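In: quick one: sequence plus predicted model below, questions after.
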Amino acid sequence: MSLKEQITEDMKAAMRAKDSEKLGTIRLLQAAMKQREVDERITLDDAAIVAIVDKLIKQRKDSIAAFEQAGRQDLADKEASELVVLQAYLPVRLSADEISAEVKAIVAELGASGPGDMGKVMGAVKTRLAGKADMGLVSAAVKAALAG
């Protein structure tokens, strides 16, 4: 079953269970997917859907931080519940050690050294680790590998 089919099935299950929070979050995800399909006139594959989910998760994390800073715990809790629903659609993520090992291998393959090669390394890393790792951790690992 593709990720798109899984999301549709989860939406139907949420409707049957009258789980309005989960249903709303899944509908947000489906709207983002449909928007991208219409804008780019493509059919999304699992990797593209994971990228959309990643983007929505990043938005939720940013919103949670902003709401907590503003003292709006009620809104932060709503965003946190959406975050949990969205994270269910991500593949298993690599650990920090696995990310570091992958980055070191890519740096060695490219023969990169120094901060000037950051862009070249990040381009290669993004294609290889897209959807498999948190890009914030990846960026930190690349900086560490190029500094050392």
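Out: Done, it's in.
In: ok, now how distant is the residue positioned nearest the centre of the chain from residue 42?
Out: Nearest residue to the geometric centre of the chain (Cα atoms, centre = their mean): residue 54, 1.8 Å. Between residue 54 and residue 42 the distance is 18 Å, computed by Cβ to Cβ, to the nearest Å. C-beta: built from backbone N, CA, C; applies to glycine.
In: got the contact list for the closest residue to residue 68 other than its chain neighbours?
Out: Spatially, and ignoring its direct neighbours in sequence, residue 68 is nearest to residue 76 (4.9 Å; Cβ to Cβ, 6 or more residues apart in numbering). Contact analysis of residue 76 by Cβ atoms under 8 Å, 6 or more residues apart in numbering lists 63, 64, 67, 68.
In: out of the residues you listed, which end up buried?
Out: Among those, the ones that count as buried by 16 or more other Cβ atoms under 10 Å are 63, 64, 67.
In: how near is the first one to residue 81?
Out: In other words, residue 63. 12 Å.
In: quick one on the thing from earlier: tabulate the CA atom coordinates of the helix or strand containing the residue nearest to residue 68 in CSV.
Out: Taking DSSP states H and E as the criterion, residue 76 maps to helix 73-87. Backbone C-alpha positions of helix 73-87 (Å, rounded to 0.1, in the frame of the first residue of the first chain) are rendered in CSV as follows:
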residue,chain,number,x,y,z
GLN,A,73,-0.3,26.7,25.7
ASP,A,74,-3.8,25.8,24.4
LEU,A,75,-2.7,26.5,20.8
ALA,A,76,0.7,24.8,21.4
ASP,A,77,-1.1,21.6,22.6
LYS,A,78,-3.3,21.6,19.4
GLU,A,79,-0.1,21.9,17.2
ALA,A,80,1.6,19.2,19.2
SER,A,81,-1.4,16.8,18.7
GLU,A,82,-1.2,17.5,14.9
LEU,A,83,2.6,16.9,15.1
VAL,A,84,2.0,13.4,16.5
VAL,A,85,-0.5,12.5,13.7
LEU,A,86,1.9,13.7,11.0
GLN,A,87,4.9,11.9,12.4
